[in-house]
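Asker: fold the following, please.
(chains A and B)
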2 protein chains.
Amino acid sequence: MIEFAASLDRMFEALADPTRRAMVERLSHGSASVSELAAPLPMSLPAVVQHLQVLEQSGLVRTQKIGRIRTCTIDTAALSEVERWINDRRTGWERRFDRLGALVDAEGEKG
Amino acid sequence: MIEFAASLDRMFEALADPTRRAMVERLSHGSASVSELAAPLPMSLPAVVQHLQVLEQSGLVRTQKIGRIRTCTIDTAALSEVERWINDRRTGWERRFDRLGALVDAEGEKG
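Answerer: I've put the predicted structure just below:
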């Protein structure tokens, strides 16, 4: 449970940076090599590699080196985990409102 | 557009902390006063208030002071914005796989 929470820490932290979100956005259109990922970004390759490491440590991106090319892929299961955490909180709140609405209706019928 | 991105920065950053996630979790069950929010947390009230400020600045939580009580409420529109960002990336990737699958099927039928 603590490990699960720590992984949420890392995933949210990884997504809190616009460069890293741009990299996830790019990878959502398909796997890419590190140099393909770096090409549109206004920064040095070592800076891109550092951002990539944060994404990899969070579990949101996996990389695989074949020969001299490192290919990066997003992990949709990790994205789903973040999405589910937010969705559960949001729908928890909305269900509460539905229950309150039902109570108000029931009271209205009594009166 | 830049402001929108900056707000995503702040929202993801706000959710990267387990205490702040516990506060959002509590608020997903209904609005709470600052002292109700603080009660289960193993830290001082000023520390809770600091976390609350981060949540408020991100837009995920709104607070309203009536008399001497400050009431905190989650903003489901802000939660939806974060959720949508992740969902769009995840489904972008999944649609890509569907297209690849359709291509493979079409090639299979040709052969």
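Asker: A:Thr71: what secondary structure?
Answerer: strand (DSSP: H, G, I helix; E, B strand; the rest coil).
Asker: just the pLDDT at it, thanks.
Answerer: pLDDT recorded at A:Thr71 is 96.
Asker: bridging residues for it?
Answerer: A:Ser33, A:Gln64 (DSSP bridges).
Asker: these two touch, right, it and A:Ser33?
Answerer: Yes. Using CB atoms under 8 Å, A:Thr71 is in contact with A:Ser33, at 5.8 Å. (Each C-beta comes from the backbone N, C-alpha and C, glycine too.)
Asker: and A:His29, its phi and psi?
Answerer: phi -90, psi 0 (degrees, to the nearest 10).
Asker: any idea how far it is from A:Leu52?
Answerer: 17 Å (CB to CB, to the nearest Å).
Asker: neighbour count for these two, which is higher?
Answerer: A:Leu52 (20 against 13; other CB atoms under 10 Å in any protein chain shown).
Asker: that one in helix, strand or coil?
Answerer: helix.
Asker: next up, the contacts around it.
Answerer: A:23, A:34, A:37, A:61, A:63, A:72 (CB atoms under 8 Å, 6 or more residues apart in numbering or on different chains).
Asker: repeat that for 10 Å
Answerer: A:19-20, A:23, A:34, A:37-38, A:61, A:63, A:70, A:72 (CB atoms under 10 Å, 6 or more residues apart in numbering or on different chains).
Asker: what's the farthest-apart pair in the residues you listed?
Answerer: A:Thr19 and A:Arg70 (17.7 Å; CB to CB).
Asker: that older thread, looking at the contacts of A:Leu52, which is nearest A:Ile86?
Answerer: A:Arg20 (17.6 Å).
Asker: do the host helix or strand of the closest one and chain B meet?
Answerer: Of the helices and strands defined by DSSP states H and E, A:Arg20 is found in helix A:18-27. Yes. Under the criterion of CB under 10 Å from any CB of the partner chain, chain B is reached by helix A:18-27 at A:18, A:20-22, A:24-27.
Asker: mark which of these are buried, thanks.
Answerer: Neighbour-count burial (16 or more other CB atoms under 10 Å in any protein chain shown) applied to the residues of helix A:18-27 next to chain B gives A:20-21, A:24, A:26-27.
Asker: make TSV out of those and add pLDDT.
Answerer: Formatted as TSV, those follow (pLDDT from 0 to 100):
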residue	pLDDT
A:Arg20	97
A:Arg21	97
A:Val24	97
A:Arg26	96
A:Leu27	96
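Asker: switch these over to a markdown table; also include distance to B:Ala78.
Answerer: Converted to a markdown table, those look like this (distance: CB to CB, whole Å):
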| residue | distance to B:Ala78 |
| --- | --- |
| A:Arg20 | 20 |
| A:Arg21 | 16 |
| A:Val24 | 20 |
| A:Arg26 | 25 |
| A:Leu27 | 25 |
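Asker: which of the residues you listed sits closest to B:Ala14?
Answerer: A:Arg21 (15.1 Å).
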